[in-house]
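show me the folded form of this:
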Amino acid sequence: MRKTSRRFPLSSRQSVSRDPSCRFTVLCLLGLLALNAFAAVSPDWPYSQDLQVSQKGLTKAKLPMETLSKAQLSLADLRLMDPTGQEISYYVEQSLIEPAQEMPLDHMAISMAHGKTVITGMIPSAISTQGLSSILLLSPTDDFLKPITLETSNDRSHWTTYAKGYPIFKQSGEMMSTSLELPKINQTYLRLTLDDGATPPIRVQGVELIAAPKTLPSPERVEAQILETNSDDHETIVQLLLPADNLTLDSIRLETPETTFRRHVTVSLKTFSAGEFRDVVLGEGFIYRVALDQKGAENLRIPLGRRISGRQLILRIENGDSRPLAFSKVTAEVVPAYLVFDAPAPGTYSVWVGNLSATPRNYDISSLQDKMVTASFTNAAFGAFQANSAYRAPEPLPEVPEESVSIDISPWHFRKVVDVGLLPLGEGGRRPDEGSHIWRLELDLEALAHNSGRLAALRLVRSGNQIPYIVDDAGVSREFQPRLESQPPDGKRSRWLLTLPYKGIPLSQLQFIVDDALFQRNVQLYQDVTGEQGETTHALIGQGLWTRTHGEEKEGFTVPVGTTIQGDKLYIEMDNGDNPPIHISSVRAFYQAPRILFKASPGGPLYLYYGQEDTVAPQYDLNLIAGEILAAPPLEAKLGPEEVLKVRPWWEAPTPSGGMKWLFWLVMGLVVVGLLVVIAKLLPAEEVRE
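You can find the predicted model right below:
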């Protein structure tokens, strides 16, 4: 563990002359400097926060999460003013997480006798000096669970037992076992004994020893909000919202009432890179809770040890062939950050943050660090945030033009007006300046369906010119409720018809609510697909095994889809075997609503055009600075009602299918016959010649 400081510079203070003739001049200059310092900060900083200091001297105050969230990730925009308005130097103290030291067991020897596997070896001096804290087994044997006993010694004659019969296991497909956590051990020799009485012996290729760094001083535990949980047969995806941005996370801990489980978990943060959104892995590991011979072992924590720029995390939990876990709570361990400074006098200080274009200071803080060795600190208390009435937000990304090249919109079939007119009220009841802002627009279900899921066909247009944008195609999960109708059974199969509000909806999953208490059924989901010759067939797009045992809660069953539906009809079939049918009471449909980000100012009408099959995705230079766009807080734009611009000609209309196809050709035949009769009656009668 080490302490780090972020230095933000300040010009060094000049000594004050003691000549009485110049004291008044010096005081005036100091007053002007204070006013100038305050004036230099306040117009460009949107937020301030009072900081009450009770006495002069070294002062330490824990930075609130709200302060970290409103500041830059690097805290380069943080400014500290004393009661006179003079900017003063400071540094930020925060414990950083050092990586654990990992080394193999030296001189390892393995022997087998009396139903036991005994592993002995020497603890490397680097690990022994720092203190052995955990071990892992390296083994090619798949999926084992064994009790292990660990002993240490300094002379190989007197052994001390630290763990006896502790459960240790390895997942199939992994090379390393779960870890055996220990108190700090500073000895020379190690002996591990695996009990092979109940299970066959395993091959052990190595033993990894870990000396963890010093523990963090009092990490702050905060609950992360669970925004959404989606599960299929093999994976659960949990979207989390942290209480603030720019937090340094030591770990994520998942709370679950499940008693026995093993799961691999990946923690990711979504970022934009190389023209597309990607999940950046922050950390991964196993969570588990197992018991063996009345001795239990558990690990519910995923270590991270890093500072992150956003607040929305994604957990991916591999379920394998097991049912999804139920989570009661997710907790984040946050590493606190402290503002340290030398207060010249007691009073009300102020902290300013929120200037995204501010550059870091380079304060001379060597004198502060010299005092840290023997100093005692005065604690200070932060007050509430205050919006700066003099603040005027700069134009976001001034180097990015709002408009791009002109465009011929005649091939597009649909458009919707994009509302970026009256800006929403900000903090303090004020509206942002009229001018350019970064906007975020969510595509609604109608726009997605009539665009057939083709994000490449989207165009933002104002006065005949394109407005560049970037697409967050991951978007957010939205839901709607389709119409569910029971159909006549087909032998032992129950059947239902689902009718969607539009054709071409890009469904991600369907969730069904079943009232029955005890059952196991195979379920299949179909859609109608039209072939090249106009023939219609049922295509399988999803399936699952629904099981509910006695006493289980009546949770919904999910069928993943992940495709764009060609029509507006879906068919569900359930094989009942020799059992009575079960009853589906309701269904919820989910889709991912993409969002687009763009720069625009209130002005002339702005439209979103969509529904063009023959175009390709635009190539905007905006992709080069997507990171800056994501860093700017967006305003929310809204879509208006749909306008139909171009009706498809009759020869492009889709050919009817199924029973409608025969009805269509019957009607067409009757029309042709009727036309022939009319034409025959209109022709002049042929004269008869004698």
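
quick one, what contacts the closest residue to E446 other than its chain neighbours?
Once flanking residues are discounted, E446 sits nearest to E642: 5.6 Å by Cβ to Cβ, 6 or more residues apart in numbering. The way it works is simple: take the backbone N, C-alpha and C, and place the C-beta from them, glycine included. Neighbour list for E642: 414-416, 446-447, 450 [criterion: Cβ atoms under 8 Å, 6 or more residues apart in numbering].

state whether E642 is indeed within a strand.
Yes: counting by DSSP: H, G, I helix; E, B strand; the rest coil, E642 falls inside a strand.

can you show me the strands along the stretch 401-550 of the chain?
414-419, 437-442, 459-462, 465-466, 469-480, 483-490, 493-499, 506-514, 519-530, 536-548 (DSSP state E, counting those that start in this stretch).

check which residues of the fifth one are buried.
Of all the residues in strand 469-480, those buried under the rule 16 or more other Cβ atoms under 10 Å are 469-472, 474-475, 477-478.

tell me which two in these are the farthest apart.
Farthest apart among these by Cβ to Cβ are Y469 and S477. That separation is 21.3 Å.

quick one: secondary structure of S48?
S48 ends up strand, using three-state DSSP.

and it, how many neighbours?
S48 sits with 21 neighbouring residues when counted by other Cβ atoms under 10 Å.

my read: it touches W352, true?
Yes: contact criterion Cβ atoms under 8 Å: S48 and W352 qualify, at 5.1 Å.

quick check: which of the buried residues of strand 469-480 has the minimum pLDDT.
Within the buried residues of strand 469-480, the minimum per-residue pLDDT falls on A474 (66).

what sits closest to L145 if chain neighbours are left out?
L145 sits nearest to F169 (Cβ to Cβ, 6+ apart), 4.1 Å away.

err, K60, not the other one
F377 is the one closest to K60 (Cβ to Cβ, 6+ apart), at 4.2 Å.

this protein - how does it break down into domains?
Listed domain ranges for the chain are 2-95+337-387, 101-211, 222-334, 414-477+593-644, 478-591, 652-681 (source: automatic domain parsing).

got the end-to-end distance for the fourth one?
From the first residue to the last, domain 414-477+593-644 extends over 5 Å; the measure is Cα to Cα, to the nearest Å.

please apply the same query to stretch 164-183.
Termini of stretch 164-183 sit 14 Å apart (Cα to Cα).

residues in contact with it?
132-150, 162-163, 195, 208, 210, 262, 264, 286, 288, 290-293, 295-297, 299.

what's the longest helix in this structure?
In the chain, assigned by DSSP state H, the helix with the most residues is helix 659-682.

now do it against strand 536-548, angle only.
Interaxial angle of helix 659-682 relative to strand 536-548 (axes from the mean of the first three to the mean of the last three Cα atoms, to 10 degrees): 150 degrees.

mean confidence score for helix 659-682?
The model assigns helix 659-682 a mean pLDDT of 76.

off-centre distance for that helix?
Relative to the centre of its chain, helix 659-682 is centred 59 Å away, using Cα atoms, centre = their mean, to the nearest Å.

and if you look at stretch 290-310?
On Cα atoms, centre = their mean, the centre of stretch 290-310 falls 20 Å from the chain's centre.

buried set for that stretch?
Buried, per 16+ other Cβ under 10 Å, within stretch 290-310: 290, 292, 297, 299-305, 307-310.

low pLDDT regions in the stretch 301-450 of the chain?
Along the stretch 301-450 of the chain, segments meeting pLDDT under 70 span 366-375, 393-403, 421-435.

now do the stretch 501-650 of the chain
623-633, 647-650.

count of neighbours near the residue lying closest to L525 once chain neighbours are set aside?
In space, L525 comes closest to G542 once its chain neighbours are excluded; the distance is 3.9 Å by Cβ to Cβ, 6+ apart. Neighbour count for G542, taken as other Cβ under 10 Å: 21.

just F169 next, same as before
As a measure of burial, F169 has 19 neighbours, counting by other Cβ under 10 Å.

partners of the helix or strand it falls within, with directions?
Using DSSP states H and E, F169 sits in strand 160-170. Here strand 160-170 has these sheet partners by DSSP bridges: strand 144-153 (antiparallel).

which parts of the partner strand are buried?
144-152.

relative to V335, which of those residues is nearest.
L150 (30.6 Å).

so the closest one sits right up against T161, yeah?
Yes: with contact defined as Cβ under 8 Å, L150 counts as touching T161 (7.3 Å).

quick one: the residue nearest to L145 from G285, how far?
14 Å (Cβ to Cβ, to the nearest Å).

N388 now?
In terms of Cβ to Cβ, N388 sits 43 Å off from G285.

which one, of the strands of the stretch 401-550 of the chain, ends up nearest to A61?
strand 437-442 (32.5 Å).

between that closest one and strand 414-419, how big is the angle?
Using the same axes, to 10 degrees: strand 437-442 against strand 414-419 is 140 degrees.

how far does strand 437-442 sit from its chain's centre?
19 Å.

again with stretch 49-62
36 Å.

so what touches that stretch?
Contacts of stretch 49-62 (Cβ under 8 Å, 6+ apart): 64, 67, 80, 93, 336-353, 368, 371-372, 375-386.

drop anything exposed from those residues.
Buried among the contacts of stretch 49-62 (16+ other Cβ under 10 Å): 64, 67, 80, 93, 336-344, 346, 349-353, 368, 372, 378, 380, 382, 385.

restricted to strands, list the residues you listed.
Counting by DSSP state E, the buried ones among the contacts of stretch 49-62 place 80, 93, 337-343, 349-353, 378, 382, 385 in strands.

S268 contacts D279, correct?
Yes: S268 is within contact range of D279, at 3.9 Å (criterion: Cβ under 8 Å).

between those two, which one's more packed in?
Just comparing S268 and D279: by other Cβ under 10 Å the higher neighbour count belongs to S268, 17 against 14.

quick check: pLDDT value at that one.
For S268, pLDDT reads 90.

show me what it bridges to in the sheet.
V281, I314.

one more: K116?
With DSSP bridges as the rule, K116 is bridged to A113, D195.

can you give me the pLDDT of it?
The model reports K116 with a pLDDT of 92.

one more: P99?
69.

what of the one 10 residues further on?
In this prediction, A109 carries a pLDDT score of 93.

picking that back up, looking at the strands of the stretch 401-550 of the chain, spot the one closest to D245.
strand 437-442 (16.0 Å).

quick check: buried residues in the closest one?
Neighbour count says strand 437-442 has 437-442 buried, by 16+ other Cβ under 10 Å.

can you list the residues you listed in TSV and add distance to I226?
Output for the buried residues of strand 437-442, formatted as TSV (distance: Cβ to Cβ, whole Å):
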residue	distance to I226
H437	31
I438	28
W439	28
R440	23
L441	26
E442	21
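
list just the nearest of those to P360.
For the buried residues of strand 437-442, the nearest to P360 is I438 (23.7 Å; Cβ to Cβ).

derive a ChimeraX selection command for the buried subset of the contacts of E642.
The following ChimeraX line selects those of the contacts of E642 that are buried, judged by 16+ other Cβ under 10 Å:
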select :414,415,416,446,447,450
